[in-house]
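S.K.: have a look at this prediction, sequence included:
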Amino acid sequence: MADLAVRVGSLAFRNPFLLASGVWGESGDSLVGAWAAGAGGVITKSIGSLPRAGYPNPTVEQYSTWGLLNAMGLPNPGIDEYPREIAAAREHGATVIGSVFAGDAEEFARLAHRIAETGVVAVELNLSCPHAEGYGTEVGSDPKDVEEIVRAVVQAVRVPVIAKVTPNTSDAAALAVAAENGGAAAVSAINTVRGLAIDTTLHRPVLAHGLGGLSGPAIKPVGLACVWQIYERVRIPVIGVGGISTAEDALEYLMAGARAVEVGTVVTTQGIGVFSRLVEGLNRRLDELGYASASAAVGVAHGAST
Ligand SMILES: Cc1cc2nc3c(=O)[nH]c(=O)nc-3n(C[C@H](O)[C@H](O)[C@H](O)COP(=O)(O)O)c2cc1C
């Protein structure tokens, strides 16, 4: 049996499969459900300063098996309410990472400080949601802004800070470098890829918000390319996310340089039981290939690429 426990900087996870932010409900119960199903760690929905209803329906469009287009609009209960959900998840022993979104460095620092007080092991900064006015990509596309935000948060919290960067840019690695310069402990890549679907009968976009973010199998090559490029430019660990639905997908991410991975859309299509299948599958595949641990496979594809 290969050793699946991984370290991401000072963070330790029992296996590399983390529940990605926002995809499997917001409640403490859904975090507990993912943990009980075998996730190596769970990341909360991105939480903001105030409760937010999100966009009107429809907010999600399923593209057969290859993807999901969503524009939820970051619905969340706000930082005053949310700590009780994290407490519920922690009571069950879950390793919880708190995700936050904000409009500027000062708001990020304040929110990160609040969420860090709940006992999360790390804070992930949503610098990358592609469809929320004033947030996400709008504050996370310029390396200068990313560095300033990360630095402010690092000064405000004691736990490791993970910067989640966008693929909707010509140089995602430059954003990762900026995060590293700001003091981030790790970088996660990617959030959803900006997309659009049109309802030709109604002559209008399918989603009420118009533009949305694409996730699921369709974006795996985009995520892999970002992780690959980031791994070559930073020294901090990289967490891969985007389109993982099988153990083989996850192993591709590890070989491209990810120390851990986040899984999202597959949980909505295959159910929470997917975590145990991913764990089993990765174990089997690492054994077949002769790797004693998941960590031993990290980045191995780079040496072979020239
Ligand atoms: C319905 C939905 C809601 C999401 N909400 C968030 C969020 O609140 N914060 C965040 O950082 N990412 C959010 N994401 C992005 C995911 O965490 C992940 O980065 C993305 O979906 C790619 O991974 P996947 O292909 O495994 O789903 C959301 C994605 C979906 C589909």
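M.R.: In hand now; what should we look at?

S.K.: which helix in the protein runs the most residues?
M.R.: Taking DSSP state H as the criterion, the chain has its longest helix at helix 274-289.

S.K.: do it and the ligand meet?
M.R.: No. Under the criterion of C-beta under 6 Å from any ligand atom, the ligand is not reached by helix 274-289; the shortest gap measures 10.5 Å. Every residue, glycine included, has its C-beta placed from N, CA and C.

S.K.: now that helix, how far from the chain's geometric center?
M.R.: Between the centre of helix 274-289 and the centre of its chain there are 21 Å (C-alpha atoms, centre = their mean, to the nearest Å).

S.K.: list the buried ones in stretch 203-214?
M.R.: Buried residues in stretch 203-214, counted by 16 or more other C-beta atoms under 10 Å: 205, 206, 207, 209, 212, 213, 214.

S.K.: what bits of the stretch 1-150 of the chain have low per-residue confidence?
M.R.: Scanning the stretch 1-150 of the chain for pLDDT under 70 picks out the ranges 64.

S.K.: closest one of the buried residues of stretch 203-214 to the ligand?
M.R.: Of all the buried residues of stretch 203-214, the one with the least separation from the ligand (C-beta to the nearest ligand atom) is residue 213, at 6.5 Å.

S.K.: isn't that closest one up against residue 197?
M.R.: No. Using C-beta atoms under 8 Å, residue 213 makes no contact with residue 197, being 11.6 Å away.

S.K.: overlap of the contact sets of those two?
M.R.: Common contacts of residue 213 and residue 197 (C-beta atoms under 8 Å, 6 or more residues apart in numbering): residue 69.

S.K.: excluding chain neighbours, what is closest to residue 129?
M.R.: residue 136 (2.9 Å; C-beta to C-beta, 6 or more residues apart in numbering).

S.K.: I'd say the one you found and residue 166 touch.
M.R.: Yes. Residue 136 lies in contact with residue 166 (C-beta under 8 Å); the separation is 7.4 Å.

S.K.: overlap in contacts, these two.
M.R.: Counting by C-beta under 8 Å, 6+ apart, the contacts common to residue 136 and residue 166 are 127, 128, 130, 191.

S.K.: contacting residues for the residue in the stretch 101-250 of the chain that the ligand sits nearest to?
M.R.: Here the stretch 101-250 of the chain gets closest to the ligand at one residue, residue 215, 3.2 Å apart by C-beta to the nearest ligand atom. By C-beta under 8 Å, 6+ apart, residue 215 lies in contact with 23, 67, 68, 70, 192, 193, 242, 243, 264, 265.
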